[in-house]
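In: Build the 3D model from these lines:
(one chain, ligands or ions: 1)
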Amino acid sequence: MSNYHARITGSDYAAMADLVTKYKVTVARHTVEKVAQGYRVDAHASDEQIRALEAAGYNVERLEDAQIQGVARQKEKRTSTGGALTREALSVAAGTGYLDVAHIEAALAAESEAPNDAFTTLIKLPNETWEKRVCHALKIGKGSGAGRVGIYFLGGVHAREWGSPDILVNFVQLLANAYRTNTDITIGSRTFTAAQIKSVVEKKDVYVFPQANPDGRNYSMLTEPMWRKNRRPAPAGHTQSQCVGVDVNRNYDFLWDFPKYFDPKSPIANSTDPCDHDVYIGPAATSEPETKNAVWMFDNFPHIRYFVDLHSYSEDILYNWGDDVDQSADPAMNFQNPAYDGKRGIANDKAYREYIAAEDKKIAVNLANEMRDAIKASRGRTYKTEQSMSLYPTAGTSDDYAFSRHLVDAKKAKVFSYTIEWGSPQNPTPFHPPYPEMKQIIDEVTSGLLAFCISAQ
Ligand SMILES: [Zn+2]
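Out: Down below sits the predicted model:
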């Protein structure tokens with residue numbers, strides 16, 4: 001089935017909302033722009049969907065066929081490293097193709113086994129995936145004691161977004177090597193000094209969980225390039241291929257049961273239909289082993305106070321909240337207040353806005369801007385610091401769940417939380433760009449993450 005990367009123009013804002021609610025098109029949520037003819041968005045749609053849109057008066061500019069070109073991309077991944085899976089063979093900086101599922105795990109293991117290495121620890125996640133894969137995270141941090149700040153980077157949640165695990169493996173390799181050799185890291189015009197690297201490793205704990213959904217990645221790299229969900233077996237009686245899987249990033253325990261919490265007219269990018277190709281929320285909050293593993297990290301390392309989840313695409317750094325527009329005036333208007341059930345998730349209305357304390361928002365934006373500036377220093381791309389809420393709100397995402405934890409349970413740490421949407425919509429197959437472009441993205445996002453580690457206090 002063809003699936004086109006496309007630019008879709010509609011006459012007004014309501015027509016943009018319909019793309020998700022009525023036409024079930026895959027929309028890059030933060031690319032809605034005002035143009036002379038109305039509003040335009042970067043999206044992916046099938047032939048059938050495009051015909052329906054055109055009949056309804058939308059203008060659709062077809063770019064590449066994401067299915068056909070995605071299959072070509074599959075051939076560009078590394079099929080072999082030409083020998084043993086050593087640290088050197090698994091170097092992202094020296095590589096010419098996406099790492100596969102086994103490479104990501106091997107790269108973490110190799111890093112943890114490097115000689116003279118008292119500062120990296122391999123962490124086995126407790127929940128096997130549906131296809132019985134075991135996942136690992138890596139802790140980088142030397143020393144112990146109270147007062148250490150935990151920083152948590154997550155990647156590979158969405159299957160087709162191939163670059164996120166590569167970014168995080170590169171981050172690990174670069175940081176660990178610089179610490180071992182007591183050298184600076186220079187990316188573009190930005191230099192992270194050996195002293196700064198030493199301070200991060202010896203005063204903070206950085207947890208990197210690069211491949212949260214290996215089943216999905218494997219399926220996307222070998223079978224269906226546009227696959228997004230995990231590989232939970234389809235419910236009984238559902239035989240279509242898209243009835244497999246849950247969107248792990250709609251499965252967290254934050255306003256998860258969205259029909260109860262959101263305005264029925266909200267163009268929320270979530271679905272209760274198991275056969276939704278992209279955004280099925282699952283049978284219960286935190287039902288999926290992948291979600292459980294991501295949450296386990298927060299529970300098991302309670303000093304984690306900063307969190308970044310890597311996704312693609314649109315060159316954004318997103319901070320809380322994603323369910324509605326932020327407000328700092330009325331603390332009682334918040335996600336826990338049942339008086340607002342049925343009212344959430346309409347942009348720019350007055351019925352509901354999500355509360356965030358003004359001082360928290362200031363910290364959140366400042367840290368996002370630190371990442372933005374370090375990303376720009378790499379090769380000049382300007383990522384936008386934006387609130388996660390857009391025309392299309394969300395529920396059940398990792399970043400809102402992470403920041404909500406301390407509000408639901410005051411004993412838990414406040415976790416400043418972000419989603420980075422790496423890569424430009426101008427790229428062909430933007431979920432998994434040609435690797436020479438991906439390498440540049442790997443560098444720029446790595447730069448942003450290093451700056452984040454230095455700034456997070
Ligand atoms: Zn994603």
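
In: State the distance from the most far-flung residue of the chain relative to its centre to residue 49.
Out: Among the C-alpha atoms of the chain, the one most distant from their mean position (Cα atoms, centre = their mean) is that of residue 55, at 33.8 Å. Distance of residue 55 to residue 49, given as Cβ to Cβ, to the nearest Å: 11 Å. Glycine gets a C-beta too; all of them are placed from N, C-alpha and C.

In: do the same with residue 56
Out: Separation of residue 56 from residue 49 (Cβ to Cβ) stands at 11 Å.

In: Then residue 427?
Out: 22 Å.

In: In contact with residue 159: list those residues for me.
Out: If you count contacts by Cβ atoms under 8 Å, 6 or more residues apart in numbering, residue 159 has them with 213, 215, 216, 217, 219, 220, 227, 228, 229, 230.

In: ok, now residue 452?
Out: For residue 452, the residues meeting the contact criterion (Cβ under 8 Å, 6+ apart) are 151, 306, 308, 367, 370, 371, 374.

In: How about the third one: which residues does it bridge to?
Out: This points to residue 308. Listed by DSSP bridges, the beta-bridge partners for residue 308 are residue 153, residue 418.

In: tell me the pLDDT at it?
Out: According to the per-residue confidence, residue 308 scores 98 in pLDDT.

In: Kindly tell me how buried it is, as a neighbour count.
Out: Neighbour count of residue 308, defined by other Cβ atoms under 10 Å: 28.

In: all strands of the stretch 351-457 of the chain, in order?
Out: Defined through DSSP state E, counting those that start in this stretch, the strands belonging to the stretch 351-457 of the chain, from first to last, are 354-355, 384-387, 416-422.

In: now for the second one, which elements pack on it?
Out: Packed against strand 384-387 by the contact rule (3 or more Cβ pairs under 8 Å, 6 or more residues apart in numbering; DSSP states H and E) you find strand 316-319, helix 358-379.

In: Could you pull up the residues touching residue 129?
Out: Taking Cβ under 8 Å, 6+ apart as the contact definition, residue 129 lies against 135, 213, 214, 215, 230, 231, 289, 290.

In: Just say helix, strand or coil for residue 242.
Out: Under DSSP: H, G, I helix; E, B strand; the rest coil, residue 242 falls in the helix class.

In: hmm, I was thinking of residue 186
Out: strand.

In: list the contacts for residue 352?
Out: Neighbouring residues of residue 352 by Cβ under 8 Å, 6+ apart: 263, 324, 333, 340, 343, 344, 345, 346.

In: So what's the residue count around residue 358?
Out: Using other Cβ under 10 Å as the criterion, the residues surrounding residue 358 number 10.

In: and the gap between it and residue 328?
Out: Look at residue 358 and residue 328: by Cβ to Cβ, they are 4 Å apart.

In: just to revisit the earlier point, check the contact lists of residue 56 and residue 49 and give me the overlap.
Out: residue 23.

In: of the two, who's got more company?
Out: Here residue 56 and residue 49 are compared on neighbour count by other Cβ under 10 Å; more neighbours surround residue 49, at 21 against 12.

In: Can you name the residues of the stretch 251-400 of the chain that neighbour the ion?
Out: Proximity of the stretch 251-400 of the chain to the ion (Cβ under 5 Å from the ion) is limited to residues residue 311.

In: Report the closest residue of the stretch 251-400 of the chain relative to the ion.
Out: Closest approach of the stretch 251-400 of the chain to the ion (Cβ to the ion) occurs at residue 311, with a separation of 3.2 Å.

In: Am I right that residue 8 is in a strand?
Out: Yes. Counting by three-state DSSP, residue 8 is part of a strand.

In: per-residue confidence for it?
Out: What the model reports for residue 8 is a pLDDT of 98.

In: next one: residue 455
Out: Confidence at residue 455, expressed as pLDDT, is 97.

In: so what's the residue nearest to it when sequence neighbours are not counted up against?
Out: Excluding the flanking residues, the one nearest residue 455 by Cβ to Cβ, 6 or more residues apart in numbering is residue 370, at 4.6 Å. The neighbourhood of residue 370, defined by Cβ under 8 Å, 6+ apart, consists of 451, 452, 455.

In: Around residue 384, count how many other residues there are.
Out: By other Cβ under 10 Å, 13 other residues sit near residue 384.

In: again, but for residue 35
Out: 11.

In: related to what we said a few turns ago, so which of the strands of the stretch 351-457 of the chain is the most packed in?
Out: When these are scored by mean count of other Cβ atoms under 10 Å, the highest mean neighbour count falls to strand 416-422 (a mean of 26).

In: My guess is residue 249 contacts residue 156. True?
Out: No. Using Cβ atoms under 8 Å, residue 249 and residue 156 do not qualify as a contacting pair, with a distance of 11.1 Å.

In: With the ion as the reference, measure out to residue 206.
Out: The span separating residue 206 from the ion equals 22 Å under the rule Cβ to the ion, to the nearest Å.

In: hang on, that residue is in a strand, isn't it?
Out: Yes. Using three-state DSSP, the secondary structure at residue 206 is a strand.

In: which residues touch it?
Out: So, once contact is read as Cβ under 8 Å, 6+ apart, residue 206 ends up touching 139, 140, 141, 150, 151, 153, 175, 200, 453.

In: Looking at those, which is nearest residue 118?
Out: Distances from those to residue 118 were compared by Cβ to Cβ; the smallest belongs to residue 141, at 10.2 Å.

In: check which helix or strand covers the spatially most central residue of the chain.
Out: Nearest to the mean C-alpha position of the chain, counting by Cα atoms, centre = their mean, stands residue 311 at 2.9 Å. In this structure, residue 311 sits in strand 304-312 according to DSSP states H and E.
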